[in-house]
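Undergrad: sequence and predicted model, in that order:
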Amino acid sequence: MSELELRQTTVEASASHAVIRRRGRMPRAGTLVSGAFVLFLVAATVAPALIATQDPNQIAPGDAFSAPSTAHWFGTDESGRDIYSRVVAGTGTSLLIGVTATAIGLALGLVLGVLASFGGRIADFGVSRLVEVLFAFPGLLLALLVIVVYGPGPVTATIAVGLSTAPGYARIIRGQLVSIRSSQYVEAARVLGRTPGRILGRHVLPNALIPLFVLATLGIGQAIVWASALSYLGLGAQPPAAEWGAMLAAGRTYLATAWWMTVFPGLMIVGTTIATTVLGRAMTRRGRSGR
Amino acid sequence: MTPGSPADPPSRVDGAILRRTGLLVAGAVFVLWAVASLTFFAIRLIPGDPAQAILGGPGSQASQEALDQVRRDYGLDQPLLVQYLAMLGRLITGDLGTSYALKVPVAELLGAQLGATLLLATLALALAWLLALGLAIWSTGRGRVASALGEGIEITAAALPHFWLAAVLIAVFSTALGWLPPVATGTPSGLVLPVVTLAVPLAGFLAQVMRESLLDTMQQPFVVSARARGESALGVRLRHTIRHAALPAISLSGWALGWLLSGAVVVETIFAMPGLGRTLLQAVTLRDIPVVTGVVLLVALVYVLMTVLTDVVSRVADPRLRQEGAR
């Protein structure tokens, strides 16, 4: 099991509820709120200047440590910088790290998954054992090992998180590919004499695309949490950067006096994780109910 | 799958269990060997001279004689294969090498820290189980509102990063209310916040799995017949379905413990607690390679043992698995 597989779990309501939900085509309220939150994040990434109320690096020593107010929605930090604007400015960096790490994990997982499901029995055995071994480095452990080898920093942290999520992806993708491989249309293609490479490229991967997208959506939350944990520990992005984990690390010293420096950047991480989980599950449910 | 006949002679079942246990142990040994090898060769990728690192990094301007001496002492002048075999040989005897930074045997260093971290992780695992079972039993089969609420709580709990939850708990319960100490003091009250920090996100994950299997179970005929016999709704939950709800969570406990040990890195750092996690973080920062390797191996060992243990416990809790295993 991996964290990712758990995030994927969607609890199906009992049969009668499923009927009601299918009849009403309305998405759930949670899905709508999550969608809106993700739109906000995208807007904050694309045009932070439009959403921020102030310059995120504007120092105003006289305003240092102001509590949240109408002027500073999320308060200010030790240099009087506006936390809300910094959180908005940090969205791009944090999402970039999360998305890149997810892409690395997904790409590695896809390579391993294809190898395991289409490379014959020996490859399947080898990949499955490798994944088992990698699972014995739980959570951040593999990432910490990568950081020991390549030194701390945002780029290493991103790669480290990507690598440590790869085994989880590999196992899920292998399962999905095996079930596609044994489907009738793939069998039909094989009977028609198509080459394995062509079957993979024309039939299997296109059908795996949407599940992969769902998987990536679910994985981004996890990647952002892990990457910001590394930043928080001083091994990823460093404090002057407006990255969420680094902002939290900067707020740690002032927790007793300025709780808002910690609470709001963290809320963004939590909100992003919840929103991507809810959306990913909504897509999983849709896929499962055959639509 | 042919269901095993209940009239199987006990000796055959025992044989199957023995064979399975043997396979599990062989698998565990393989995983440990692979983890040790992977770590050994990954560490060799580190640019720079290990002898320099032992003498305090490139800034220390160690003399050539000192470097040569360290290379001889640590066997770094030997070919890689010899070093690798020597490392495996030492591991079998439980020798994890000597810390570069602290100059003490790693096994001793970690032995002193292991207890604290295992205590923290075990308490967190127990609390997470309680919270998850409570939430799952409360929110299942009570209509859409309870089910949506349960799902909402689970997703939120599972989304909470340890470092943030810890900070919020400290801000509320230490700074604002003054009920609990913000750093671990070695007393039971100092353990409360770290344990809660680790347990809440884990409970979110466990509750999802428990609720899913509870829902499946509630639709089974034996639940209907228990209700027909006049058992109360709660009675059915507590007496009949709880076992089924627990099964997937038991098999997750190996993963959960590994996850908690990884979480201990953050939690022990924030609460300034002694333990494996904080030792690991310090070693990563100082690039104290023997200590990093030691912690990684120790965690892998705990994870592997836990995997074997959960397999056995699952079989005790679920007779169906025992018969399946006899296939």
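TA: Yep, that arrived. Residues are numbered from 1 along each chain as shown, chains lettered A, B, ... in the order given.
Undergrad: just the mean pLDDT for the one helix or strand A:Gly175 maps to, thanks.
TA: Element membership of A:Gly175, judged by DSSP states H and E, is helix A:154-181. Mean pLDDT, computed over helix A:154-181, is 89.
Undergrad: buried ones in that helix?
TA: For helix A:154-181, a neighbour-count test (16 or more other C-beta atoms under 10 Å in any protein chain shown) marks A:154, A:156-174, A:176-177, A:180-181 as buried. Heads up, the C-betas are built off the backbone N, CA and C, glycines and all.
Undergrad: so where's the chain shaky on pLDDT?
TA: Reading this off chain A. Across chain A, the stretches falling below the confidence threshold (pLDDT under 70) are A:1, A:8-27, A:287-291.
Undergrad: can you look at chain B instead?
TA: Under the criterion pLDDT under 70, the flagged ranges of chain B are B:1-14, B:48-49, B:53, B:56-61, B:322-327.
Undergrad: quick one, the helix or strand following the helix holding A:Gly175 and helix A:154-181 angle?
TA: Next helix or strand after helix A:154-181 toward the C-terminus (DSSP H and E): helix A:184-191. Counting by axes from the mean of the first three to the mean of the last three C-alpha atoms, to 10 degrees, helix A:184-191 lies at 80 degrees to helix A:154-181.
Undergrad: and helix A:184-191, what other elements does it pack with?
TA: helix A:196-199 (3 or more C-beta pairs under 8 Å, 6 or more residues apart in numbering or on different chains; DSSP states H and E).
Undergrad: distance check, B:Ser21 against B:Arg315.
TA: Just to correct that, residue B:21 is Thr rather than Ser. B:Thr21 sits 10 Å away from B:Arg315, going by C-beta to C-beta, to the nearest Å.
Undergrad: coming back round to it: can you tell if the helix holding A:Gly175 touches chain B?
TA: No - contact of helix A:154-181 with chain B (C-beta under 8 Å from any C-beta of the partner chain) is absent, the minimum separation being 9.5 Å.
Undergrad: which other helices and strands does that helix contact?
TA: Using 3+ C-beta pairs under 8 Å, 6+ apart as the contact criterion, the elements in contact with helix A:154-181 are helix A:3-8, helix A:83-118, helix A:120-135, helix A:140-150, helix A:205-232.
Undergrad: a markdown table for the ones you listed, including mean neighbour count and distance to chain B?
TA: As requested, those are arranged in a markdown table below (neighbours: other C-beta atoms under 10 Å in any protein chain shown; distance: least, C-beta to the nearest C-beta, whole Å):
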| stretch | mean neighbour count | distance to chain B |
| --- | --- | --- |
| helix A:3-8 | 22 | 5 |
| helix A:83-118 | 22 | 12 |
| helix A:120-135 | 16 | 4 |
| helix A:140-150 | 24 | 5 |
| helix A:205-232 | 23 | 5 |
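Undergrad: residues in contact with the closest residue in space to A:Ala116 that isn't next to it in sequence?
TA: Nearest non-adjacent residue to A:Ala116, counting by C-beta to C-beta, 6 or more residues apart in numbering or on different chains: A:Val127, 3.8 Å away. With contacts defined as C-beta atoms under 8 Å, 6 or more residues apart in numbering or on different chains, A:Val127 is in contact with A:Leu112, A:Gly113, A:Leu115, A:Ala116, A:Gly119, A:Ala170, A:Arg174.
Undergrad: from those residues, which two are the most distant?
TA: A:Gly119 and A:Ala170 (12.6 Å; C-beta to C-beta).
Undergrad: and B:Met306, how many residues sit next to it?
TA: Close neighbours of B:Met306, defined as other C-beta atoms under 10 Å in any protein chain shown, add up to 18.
Undergrad: which positions within the helix or strand hosting it qualify as buried?
TA: Element membership for B:Met306 (DSSP H and E) is helix B:289-317. Within helix B:289-317, the residues that count as buried by 16+ other C-beta under 10 Å are B:289-300, B:302-304, B:306-307, B:310-311, B:314-315.
Undergrad: so what's the most centrally placed residue in chain A up against?
TA: Nearest to the centroid of the C-alpha atoms of chain A, with distances taken as C-alpha atoms, centre = their mean, sits A:Ile220, at 0.7 Å. The contact partners of A:Ile220, by C-beta under 8 Å, 6+ apart, come to A:Leu95, A:Gly98, A:Val99, A:Thr102, A:Thr272, A:Thr276.
Undergrad: repeat that for 10 Å
TA: Contacts for A:Ile220 were tallied using C-beta atoms under 10 Å, 6 or more residues apart in numbering or on different chains; they are A:38, A:95, A:98-99, A:101-103, A:272-273, A:275-277, A:279-280.
Undergrad: any idea how far the nearest residue to A:Val131 once chain neighbours are set aside lies from A:Arg129?
TA: The shortest distance from A:Val131 to any residue that is not its chain neighbour, by C-beta to C-beta, 6+ apart, is 4.6 Å, and that residue is A:Pro167. When distance is defined by C-beta to C-beta, A:Pro167 is 11 Å away from A:Arg129.
Undergrad: residues contacting B:Arg237?
TA: Applying C-beta under 10 Å, 6+ apart, one finds that B:Arg237 lies in contact with B:Ala136, B:Ile137, B:Trp138, B:Thr140, B:Gly141, B:Leu214, B:Thr217, B:Met218, B:Val223, B:Glu231, B:Ala245.
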